[in-house]
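A.B. asks: My questions concern the predicted model and sequence given below.
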Amino acid sequence: MDQPDRWRHMPSAPKDGSRILVTIRPSEQGPAEVDLAYWSNGDRFGGEGWRSSDSSPGRIIAYAEPELKCWMPLPTANLDRTSLPSPWEGKDARELDGSGI
């Protein structure tokens, strides 16, 4: 990944269980947020899908596909950076990875 600090379309997110950053769409519960999530193939505690890294057996925090706007790989350690990136707040998904031309 040549540009790790760049938001990407959700269909390109890895579904191998690795942790990624996701932008959660704004809703009536609040504004857009960034969360640490991973794809789960499902287990006795829940079906396959995106889960928050805060999940634990019996307390699954699951995201439906439409709730997640985009993703980016975890940034590398950087002592000058002390917070998560801001959620992506573009108006159209076509803006994520360029114009799509």
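C.D. replies: The structure has been received and is ready for your questions. Numbers count the residues shown, from 1 in each chain.
A.B. asks: Might you list the low-confidence residue ranges for this structure?
C.D. replies: 1-4, 77-84, 91-101 (pLDDT under 70).
A.B. asks: Tell me which residue is most central in the chain.
C.D. replies: Val22 (1.6 Å; Cα atoms, centre = their mean).
A.B. asks: ok, the helix or strand that contains it: who's next to it in the sheet?
C.D. replies: For Val22, the host element (DSSP states H and E) is strand 20-24. With DSSP bridges as the test, strand 20-24 is paired with strand 33-40 (antiparallel), strand 68-73 (antiparallel).
A.B. asks: So which of those strands is nearest Asp5?
C.D. replies: strand 68-73 (6.6 Å; Cβ to Cβ). Any C-beta I mention is one placed from the backbone N, CA and C, and that applies to glycine too.
A.B. asks: now that closest one, how far from the chain's geometric center?
C.D. replies: With Cα atoms, centre = their mean, to the nearest Å as the basis, strand 68-73 stands 4 Å off its chain's centre.
A.B. asks: tell me the most buried of the strands paired with strand 20-24?
C.D. replies: Mean neighbours per residue, mean count of other Cβ atoms under 10 Å, is largest over the strands paired with strand 20-24 for strand 68-73, with a mean of 20.
A.B. asks: With just CA atoms, put that one into PDB.
C.D. replies: Output of strand 68-73 as PDB, limited to C-alpha atoms (Å, rounded to 0.1, in the frame of the first residue of the first chain):
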ATOM      1  CA  LEU A  68     -19.400   1.900   7.100                       C
ATOM      2  CA  LYS A  69     -18.400   4.500   4.600                       C
ATOM      3  CA  CYS A  70     -14.700   3.800   4.000                       C
ATOM      4  CA  TRP A  71     -11.500   2.300   5.400                       C
ATOM      5  CA  MET A  72      -7.800   2.800   5.700                       C
ATOM      6  CA  PRO A  73      -4.900   0.600   7.000                       C
END
